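J.: Pasted the sequence and its predicted model underneath.
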Amino acid sequence: METARALAAHGADVVGAARDLKKARQPISEVSKAAAETGASFELVELDLASLKSVRAAADKLVADGRLFDVIIANAGVMATPLGKTEDGFETQFGTNHLGHFVFANRIAKLIKDGGRLVNLSSSGHRFSNVDLNDPNFETMLYEPFVAYGRSKTANILFAVEFDRRHGDRGVRATAVHPGGIMTELGRYMDPGSLEQMVKQINEQAAAAGKGPFEFKTVPQGAATSVWAAVVAAAAEVAGRYCKNCHVSEVVADDASLGMLDEGVRGYALDSESAEALWKKSEELVGETFA
């Protein structure tokens with residue numbers, strides 16, 4: 001909600017999405033307050049990314065309304081979930097983090113104004129794994145929560161690359177961003193011991209590299225790169241790229257040894273052929289074709 005609050009505080013009319021509208025009413029109070037102070041508007045639509053029925057209903061509602069958007073920011077998701085399936089039978093993280101956004105953004109793509117943008121939230125976790133289009137649902141491979149998370153986050157970047165290619169002729173550009181490590185409900189599937197161990201490993205890597213310890217970002221700091229990529233950075237600068245800490249990340253080799261605090265985006269996450277292949281596989285999986 002912080003991204004919505006920041007945009008509304010600068011006068012933007014914002015339409016947010018939430019899986020549970022009742023649960024969302026409390027956190028949206030600050031967004032509504034910011035909107036009221038600037039004369040902007042803020043409203044919510046119901047959207048469960050783990051259900052394509054819900055995704056299509058939400059998209060259809062927006063299309064029927066007909067309002068145009070300057071920016072779509074796809075920032076919902078889950079992380080390191082136990083092995084499970086979405087309502088449509090997809091592995092939970094790939095189905096929620098990628099396929100849900102894939103269908104939603106494509107169904108409302110016509111509502112993005114010429115010169116507008118799509119911002120997909122990814123993660124440095126994309127470095128855990130490339131996508132596997134032969135076994136996206138872990139039907140033959142042993143399931144590992146963070147491998148599945150990495151696949152979904154790589155997919156977020158590849159989706160932005162291909163969306164940017166397909167819509168660039170009318171000035172609509174797409175990018176992917178890493179918000180940073182933030183204490184939110186995203187880590188609710190991790191037990192406290194696992195999180196502590198992960199931070200310990202990150203700090204050991206940082207110390208070995210002569211760097212300072214890891215620090216979680218505040219929620220406003222975490223929203224900063226999304227807002228920057230959406231409305232501050234030049235479109236040509238971020239188009240088809242991966243951004244972190246309000247700048248475009250350098251491409252690093254797929255086999256380069258990187259600590260969690262290191263910068264860089266794996267080359268496989270920006271590969272144009274992989275992006276096109278993922279698009280086609282995603283269309284096949286959801287049973288829908290997008291121009």
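T.: Arrived safely, thanks for sending. Here the structure is a predicted model, which means the values were calculated and not measured.
J.: ok, and the nearest residue to Leu133 once chain neighbours are set aside, which helix or strand is that part of?
T.: Distance criterion C-beta to C-beta, 6 or more residues apart in numbering; nearest residue to Leu133, sequence neighbours excluded, is Lys281 at 4.7 Å. Heads up, the C-betas are built off the backbone N, CA and C, glycines and all. Following DSSP states H and E, one finds Lys281 within helix 272-286.
J.: in that helix, what's buried?
T.: Applying a neighbour-count criterion of 16 or more other C-beta atoms under 10 Å, one finds Ser274, Ala275, Leu278, Trp279, Ser282, Leu285, Val286 buried in helix 272-286.
J.: Looking at the nearest residue to the third one once chain neighbours are set aside now. What's its pLDDT?
T.: Right, Leu278. Counting by C-beta to C-beta, 6+ apart, Leu158 is the residue found nearest to Leu278 once chain neighbours are left out, at 4.8 Å. Here, the pLDDT recorded for Leu158 equals 98.
J.: Glu196 too?
T.: At Glu196, pLDDT is 68.
J.: Can I get the longest strand along the chain in CSV, CA atoms only?
T.: Ranked by residue count and defined by DSSP state E, the top strand of the chain is strand 112-121. Presented in CSV, the C-alpha positions along strand 112-121 are these (Å, rounded to 0.1, in the frame of the first residue of the first chain):
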residue,chain,number,x,y,z
ILE,A,112,-2.4,1.8,-20.7
LYS,A,113,-2.1,5.2,-22.3
ASP,A,114,0.4,5.6,-25.1
GLY,A,115,3.6,6.5,-23.4
GLY,A,116,2.6,4.6,-20.3
ARG,A,117,4.5,1.9,-18.4
LEU,A,118,4.2,-1.5,-16.8
VAL,A,119,6.4,-2.1,-13.7
ASN,A,120,6.8,-5.7,-12.5
LEU,A,121,8.1,-6.3,-9.0
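J.: need the helices for this protein, in chain order.
T.: Here the chain has its helices, by DSSP state H, at 2-9, 21-24, 29-38, 52-65, 92-93, 101-107, 145-167, 192-208, 219-227, 235-238, 272-286.
J.: Pick out the shakiest of these, pLDDT-wise.
T.: helix 192-208 (a mean of 68).
J.: List the residues that contact the most centrally placed residue in the chain.
T.: Computing the C-alpha centroid of the chain and ranking residues by C-alpha atoms, centre = their mean puts Leu121 first, at 2.4 Å. Leu121 is in contact with Ile73, Ala74, Asn75, Gly77, Asn156, Ala176, Val177, His178, Pro179, Ser226, counting by C-beta atoms under 8 Å, 6 or more residues apart in numbering.
J.: between those, which is closest to Ala291?
T.: Among these, Ala74 lies closest to Ala291 (C-beta to C-beta), at 19.0 Å.
J.: Hmm, His126 and Arg266 touching each other?
T.: Yes. Between Arg266 and His126 a contact is recorded at 6.4 Å, counting by C-beta atoms under 8 Å.
J.: what touches both of these two?
T.: Contacts common to Arg266 and His126, judged by C-beta under 8 Å, 6+ apart, are Thr154.
J.: got a list of contacts for stretch 30-38?
T.: With contact meaning C-beta under 8 Å, 6+ apart, stretch 30-38 is reached by 1, 4-6, 8-11, 13-14, 16, 40-42.
J.: Work out the gap between it and the centre of the chain.
T.: 24 Å (C-alpha atoms, centre = their mean, to the nearest Å).
J.: follow-up on the earlier one: quick check: bridge partners of the residue nearest to the centre of the chain?
T.: Val177 (DSSP bridges).
J.: Just the pLDDT for it.
T.: 97.
J.: Just the CA trace of the helix holding Lys281, in PDB.
T.: These are the backbone C-alpha positions of helix 272-286, laid out as PDB (Å, rounded to 0.1, in the frame of the first residue of the first chain):
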ATOM      1  CA  SER A 272      14.900 -11.900 -25.400                       C
ATOM      2  CA  GLU A 273      14.500 -15.500 -26.800                       C
ATOM      3  CA  SER A 274      13.700 -16.800 -23.300                       C
ATOM      4  CA  ALA A 275      11.200 -14.000 -22.800                       C
ATOM      5  CA  GLU A 276       9.400 -14.800 -26.000                       C
ATOM      6  CA  ALA A 277       9.400 -18.600 -25.100                       C
ATOM      7  CA  LEU A 278       8.000 -17.800 -21.700                       C
ATOM      8  CA  TRP A 279       5.200 -15.700 -23.200                       C
ATOM      9  CA  LYS A 280       4.200 -18.500 -25.500                       C
ATOM     10  CA  LYS A 281       4.300 -21.100 -22.800                       C
ATOM     11  CA  SER A 282       2.300 -18.800 -20.500                       C
ATOM     12  CA  GLU A 283      -0.400 -18.400 -23.200                       C
ATOM     13  CA  GLU A 284      -0.500 -22.200 -23.500                       C
ATOM     14  CA  LEU A 285      -0.800 -22.700 -19.800                       C
ATOM     15  CA  VAL A 286      -3.600 -20.200 -19.300                       C
END
